[in-house]
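Novice: Let me see the structure of the following:
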Amino acid sequence: MAYQRFITIYQEGFFRQRTILVDRETGVHYFHSSVGPSGGMTPLLDDQGKPVISKAVLYK
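Specialist: Predicted coordinates for the structure are as follows:
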């Protein structure tokens with residue numbers, strides 16, 4: 001299997017899908033939302049407005 005930089009750690013919904021992805025190299029968490037053919041992605045932020053970051057080593 002080819003290397004995948006992003007891994008899915010949470011997913012819900014079918015037509016209105018919400019997903020949380022983690023960048024395996026940086027550890028940054030992203031929120032992806034889609035409705036049908038359209039959607040968007042943004043970094044998850046903590047209560048201080050900083051990106052949520054996990055230790056990337058955990059996901060390699």
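Novice: can you map out the strands along this protein?
Specialist: With DSSP state E as the criterion, the chain has strands at 6-12, 16-23, 29-35, 38-43.
Novice: elements contacting the third one?
Specialist: Identification of packing neighbours for strand 29-35 by 3 or more C-beta pairs under 8 Å, 6 or more residues apart in numbering; DSSP states H and E yields strand 16-23, strand 38-43. C-beta coordinates here come from the backbone N, C-alpha and C atoms, glycine included.
Novice: How far does the shortest one sit from its chain's centre?
Specialist: For strand 38-43, the distance between its averaged C-alpha position and the chain's averaged C-alpha position is 10 Å (C-alpha atoms, centre = their mean, to the nearest Å).
Novice: per-residue pLDDT, the nearest residue to residue 42 once chain neighbours are set aside?
Specialist: What sits nearest to residue 42 in space, not counting adjacent residues and going by C-beta to C-beta, 6 or more residues apart in numbering, is residue 31, at 5.7 Å. pLDDT, residue 31: 97.
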